[in-house]
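Peer 1: Sequence first, predicted model second:
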Amino acid sequence: MPAFSCAFPGCRRDLLVIVLVVFVGIGLPIEASAPAYQSHGTEGSHLTNITNTKKAFPVLAVNYEHVRKPFEIALWILLALLMKLGFHLIPRLSAVVPESCLLIVVGLLVGGLIKVIGEEPPVLDSQLFFLCLLPPIILDAGYFLPIRPFTENVGTILVFAVIGTLWNAFFMGGLLYALCQIESVGLSGVDLLACLLFGSIVSAVDPVAVLAVFEEIHINELVHILVFGESLLNDAVTVVLYNLFEEFSKVGTVTVLDVFLGVVCFFVVSLGGVLVGAIYGFLAAFTSRFTSHTRVIEPLFVFLYSYMAYLSSEMFHLSGIMALIACGVVMRPYVEANISHKSYTTIKYFLKMWSSVSETLIFIFLGVSTVAGPHAWNWTFVITTVILCLVSRVLGVIGLTFIINKFRIVKLTKKDQFIVAYGGLRGAIAFSLGYLLSNSHQMRNLFLTAIITVIFFTVFVQGMTIRPLVELLAVKKKKESKPSINEEIHTEFLDHLLTGVEGVCGHYGHYHWKEKLNRFNKTYVKRWLIAGENFKEPELIAFYRKMELKQAIMMVESGQLPSVLPSTISMQNIQPRAIPRVSKKREEEIRRILRANLQNNKQKMRSRSYSRHTLFDADEEDNVSEVRLRKTKMEMERRVSVMERRVSVMEREGRCDGEGGSV
Amino acid sequence: MGASQSAGTEHEFQDLADRTGFSLEQIGNINKRFRQLSNNEETLSREDLASIPALDNNPIRAQIINAFFDKRNLHQNETGTVQEIGFEEFLMVMTHFRPAAMGITEEERENLRRDKLRFLFNMHDTDSDGTINLEEYRRVVEELLSKAGTIGQETAKAIADAAMLEVASTTRGKMEPDEFYEGITFENFLQILNTFDIETRMHVRFLHMDTATLRCGKSK
């Protein structure tokens, strides 16, 4: 983010004033809520006297209870966003410290402030977290998941997610149990299952934290998708392990049957989640086929179907995160072919907005909960946990990469491995899972403290140092390139070429199955899910239309003529040279027709209708095609003027040869 | 089929392995496939390749088959096409699809890129004059969209034109209205596909050629 320096000196002071006001604002309502209860009580007794005494008509009255809940929620969100705003005004801060750290610090301050006032700071309610704060972030991630790198690396991602998390959980749980056996630690009451439960909670890489940190470092696509994909897909493993160990620790013993059932449960949870998500995704795609007359509510369908997918799978104890990802991935290609450009923009911005707010709130609440929560500190346990987290992560990544590299074409280098290991951040999911532990676990407070310490360590230490380390190690960064039509053509060309060569080799590989899936998709699925004739449109054409649309919209918005574009190269530079000669009279005619058409188009575009129900959508798409037409006509006009010039040159030279002279 | 190869071919294979960088196992697999495609003859013709069922639905089928018979892809400095190819030529064409080995130097990586991009360039440049002009590029896009019906044909021209404009803008910057851009040279081609990581994308796995599927590769 570019550092923003205030235009006038007082504005930074003003912002601080606003922030202080907000702080006080939070403090007041919490105090006001106490006496408000009393006033309710006294009001009841007044009712009996209402016929006797006449109260003066209340001109101004304060009834805080009435709006309490929404008021506090809105205030918290406002605080979070003002904080976010504030960080980017302080010039050097956002370049050094990642936002997540700053937000946690703010949360700590707010929590401390509330405690000083004497009230109970609110804790991050697990239900609030899992049902309201987490889904927007995951949906945003899933909807905009880059499909190509994801599917190319899905094997590696799954190995890291499943086997890596299992390794982490058992390694940590086992070693911590061994630690607890040592007499001097004083934790001999902790049994193996409780340790394994703790290990499973704290071993999963967290998508929220990874997103927050990796957003800012712009690492190359491969490493990004590996860490990010792992953080998303390990949800299934975490859910299964958590439920498994929770059940077992109540019972106390484990049999082979239980282990077997656990494995089966894992498959059910993950595949079930994906299935639920896919079903809702297809439903959303099918619904979007019919929305051509009610464009305004299109984005809502996307959001609601995805949320329903999440809730439905949570209902069955399946993996909600995988359901959301599957829903987003499945519905995206079809929905985008059906909805209008404006709806697409709306969906994009709403998802980004919600996920941004959620992320901010999560980190602030994490800080507040740290101040609030019951703590039980044990130096050895906590420090060992942190160290073991690091060690197990590094060992896991190195070991798994060694095995994976035997099967990969593009091997993972040592630098890649380092970033993958170092980027394994823990976050709020671990905290919420720990918070969900029932109070009957005697070690609950100790576990919570350890979890919070691990989260703080990974977010602060690893989060802050990963950026300089990336610079230091000169890890490949993301290539900032805008989509070029040549690359698009060649991507598709290469796909077909490789499928063909695989066919020649007789090898049914990656491309063969991709080709089969595409054909199945085109013949059966798209027919049902895409409105109108669009389903026959190949990707390349869709891409080209999108590019044209963007250009045309830019032109309509800026109202500029195409000649203002930076490059002076136009069609006449690349057309083959033989342009047929046109008689002067015909030229004049053409020019007259073009000018007349231009006037018409200019007038049409000035009058636009504005209606909430139609969003001038049909008109705008018409406008855009008008612009396209206008562009082509401009082109033709320019060509005609060039022809005229050439004709005049040739006339001067006395018409030596039939073709235009070489330049 | 099977092991009708004598010990003499082992020596040939070793020689080929040294020259192309394939392993003996990979060469063995490719040889088996070659024999299957050519009906156990010494040379492969266009009809043999054309009869592979897996290529039926491929929009750029003709170009792929031509690429095998194009002399420019055989690492010899000649142009033109041949009617039949032997196993060695078949292998030469396949070397363009080898993946990048781990730990290669920057220079080797650059050479690999140039090699693969040269293969693509040769596929587009059908008249072998060293440049891809507008007509050839239009044909490329038309073939790509050939399975899309009439919508494809109309837009193919526009897409090819836009792509050509893009290349011209990127490589030449400013041009006078009277200047003419002849076509995409190989250097331009390298430039516009600069960010396209072809050395990782353009590869086929040669080790896992299942002999069972080798048998059902041809149905005619």
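Peer 2: Cool, the structure landed. Numbering: from 1, shown residues only, chains lettered A, B, ... in the order given.
Peer 1: contacts and neighbour counts: CA atoms only from here.
Peer 2: Fine.
Peer 1: shaky segments in the chain?
Peer 2: Using chain A. Where chain A drops to pLDDT under 70, the residues are A:1-53, A:183-189, A:252-253, A:438-441, A:479-483, A:532-541, A:553-663.
Peer 1: other chain: chain B
Peer 2: B:1-9, B:75-77, B:102-103, B:147-153, B:173-179, B:206-220.
Peer 1: In it, which helix is the longest?
Peer 2: Across chain B, the longest stretch assigned as helix under DSSP state H is helix B:150-172.
Peer 1: Now do the buried residues in that one.
Peer 2: B:152-153, B:155-157, B:159-169 (16 or more other Cα atoms under 10 Å in any protein chain shown).
Peer 1: next SSE after that helix?
Peer 2: Downstream of helix B:150-172, the next assigned helix or strand under DSSP states H and E is strand B:184-185.
Peer 1: partners of that next one in the sheet?
Peer 2: strand B:131-132 (antiparallel) (DSSP bridges).
Peer 1: Residues contacting the partner strand, please?
Peer 2: B:121, B:124, B:125, B:182, B:183, B:184, B:185, B:186 (Cα atoms under 8 Å, 6 or more residues apart in numbering or on different chains).
Peer 1: Filter these down to the buried ones and hand me the ChimeraX line.
Peer 2: Buried subset of the contacts of strand B:131-132, written as a ChimeraX selection, criterion 16+ other Cα under 10 Å:
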select /B:121,124,125,182,183,184,185,186
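Peer 1: Next, format the contacts of strand B:131-132 as JSON lines and append distance to residue A:381.
Peer 2: Listed next are the contacts of strand B:131-132 as JSON lines, based on distance: Cα to Cα, whole Å:
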{"residue": "B:121", "distance to residue A:381": "63"}
{"residue": "B:124", "distance to residue A:381": "65"}
{"residue": "B:125", "distance to residue A:381": "68"}
{"residue": "B:182", "distance to residue A:381": "73"}
{"residue": "B:183", "distance to residue A:381": "70"}
{"residue": "B:184", "distance to residue A:381": "66"}
{"residue": "B:185", "distance to residue A:381": "66"}
{"residue": "B:186", "distance to residue A:381": "63"}
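Peer 1: and the closest residue to chain A within chain B, how many residues sit next to it?
Peer 2: Using Cα to the nearest Cα, the closest approach of chain B to chain A is made by residue B:180 at 4.7 Å. Per other Cα atoms under 10 Å in any protein chain shown, the neighbour tally for residue B:180 reads 18.
Peer 1: Pretty sure residue B:85 sits against residue B:44.
Peer 2: Yes - Residue B:85 is within contact range of residue B:44, at 5.3 Å (criterion: Cα atoms under 8 Å).
Peer 1: So for those two, which residue has more residues nearby?
Peer 2: residue B:44 (23 against 18).
Peer 1: doesn't residue B:86 make contact with that one?
Peer 2: Yes - counting by Cα under 8 Å, residue B:86 is a contact partner of residue B:44 at 6.2 Å.
Peer 1: distance of the residue of chain B closest to chain A from residue B:125?
Peer 2: 19 Å (Cα to Cα, to the nearest Å).
Peer 1: cool, and residue A:201?
Peer 2: Distance from residue A:201 to residue B:125, by Cα to Cα: 59 Å.
Peer 1: Give me the phi and psi for residue A:218.
Peer 2: phi 50, psi 60 (degrees, to the nearest 10).
Peer 1: Next, the contact list for it, please.
Peer 2: Taking Cα under 8 Å, 6+ apart, one finds A:477, A:478 in contact with residue A:218.
Peer 1: mind checking the SS state of residue A:406?
Peer 2: At residue A:406, secondary structure determined by DSSP: H, G, I helix; E, B strand; the rest coil is coil.
Peer 1: burial of it, as a residue count?
Peer 2: 9.
Peer 1: same thing with the one 5 residues further on?
Peer 2: Using other Cα under 10 Å, residue A:411 has 17 neighbouring residues.
Peer 1: Can you report phi and psi for it?
Peer 2: Main-chain torsions, residue A:411, degrees, to the nearest 10: phi -70, psi 160.
Peer 1: Now it. Nearest residue, chain neighbours left out?
Peer 2: Nearest residue to residue A:411 in three dimensions, chain neighbours excluded: residue A:405, at 5.4 Å (Cα to Cα, 6 or more residues apart in numbering or on different chains).
Peer 1: Just to check, the one you found is in contact with residue A:413?
Peer 2: No - with contact defined as Cα under 8 Å, residue A:405 does not count as touching residue A:413 (9.3 Å).
Peer 1: of the two, who's got more company?
Peer 2: Set residue A:405 next to residue A:413 and count neighbours by other Cα under 10 Å: residue A:405 wins out with 15 against 12.
Peer 1: could you pull out the strands for the chain?
Peer 2: With no chain named, the answer covers chain A. Here chain A has no strands by DSSP state E.
Peer 1: That was the other one, I meant chain B.
Peer 2: B:44-45, B:84-85, B:131-132, B:184-185.
Peer 1: among those strands, which is nearest residue A:527?
Peer 2: Closest to residue A:527 of the strands of chain B is strand B:131-132 (Cα to Cα; 36.8 Å).
Peer 1: follow-up on the earlier one: out of the strands of chain B, nearest to residue A:451?
Peer 2: Between residue A:451 and these, the tightest spacing by Cα to Cα is seen for strand B:184-185, at 59.2 Å.
Peer 1: Can you give the distance from that closest one to the centre of its chain?
Peer 2: Remark: strand B:184-185 is offset 18 Å from the chain centroid, using Cα atoms, centre = their mean, to the nearest Å.
Peer 1: Just the residues contacting it, thanks.
Peer 2: Here strand B:184-185 has contacts from B:130, B:131, B:132, B:133, B:167, using Cα under 8 Å, 6+ apart.
Peer 1: and which of the residues you listed is nearest residue A:68?
Peer 2: Among the contacts of strand B:184-185, residue B:167 lies closest to residue A:68 (Cα to Cα), at 61.6 Å.
Peer 1: how about the nearest residue to the closest one once chain neighbours are set aside, what does it touch?
Peer 2: Nearest non-adjacent residue to residue B:167, counting by Cα to Cα, 6+ apart: residue B:192, 6.6 Å away. The contact partners of residue B:192, taken as Cα under 8 Å, 6+ apart, are A:486, A:487, B:167, B:170, B:171.
Peer 1: and what of residue A:204?
Peer 2: With Cα under 8 Å, 6+ apart, residue A:204 has these contacts: A:165, A:231, A:234, A:235, A:238, A:426, A:430.
Peer 1: Neighbour count added to the residues you listed, as TSV?
Peer 2: TSV is the format used below for the contacts of residue A:204 (neighbours: other Cα atoms under 10 Å in any protein chain shown):
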residue	neighbour count
A:165	28
A:231	25
A:234	29
A:235	26
A:238	27
A:426	28
A:430	24
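Peer 1: Among those residues, which one lies nearest to residue A:548?
Peer 2: residue A:231 (36.6 Å).
Peer 1: And the residue nearest to residue A:512 when sequence neighbours are not counted, how close does it get to residue B:61?
Peer 2: Nearest in space to residue A:512, with sequence neighbours left out and distances taken as Cα to Cα, 6+ apart, is residue A:499 at 5.5 Å. Between residue A:499 and residue B:61 the distance, using Cα to Cα, works out to 10 Å.
Peer 1: who's more crowded, those two?
Peer 2: Using other Cα under 10 Å as the criterion, residue A:499 and residue B:61 rank with residue A:499 on top: 25 against 21.
Peer 1: The more buried one and residue A:516 touch, don't they?
Peer 2: No - Residue A:499 lies out of contact with residue A:516 (Cα under 8 Å); the separation is 10.1 Å.
Peer 1: For residue A:134, list the residues it contacts.
Peer 2: residue A:358 are the contacts of residue A:134 under Cα under 8 Å, 6+ apart.
Peer 1: from memory residue A:240 sits against residue A:267, does it?
Peer 2: No - contact criterion Cα under 8 Å: residue A:240 and residue A:267 do not qualify, at 9.4 Å.
Peer 1: which one of the two has more residues nearby?
Peer 2: Neighbour count, other Cα under 10 Å: between residue A:240 and residue A:267, residue A:240 has more, with 24 against 15.
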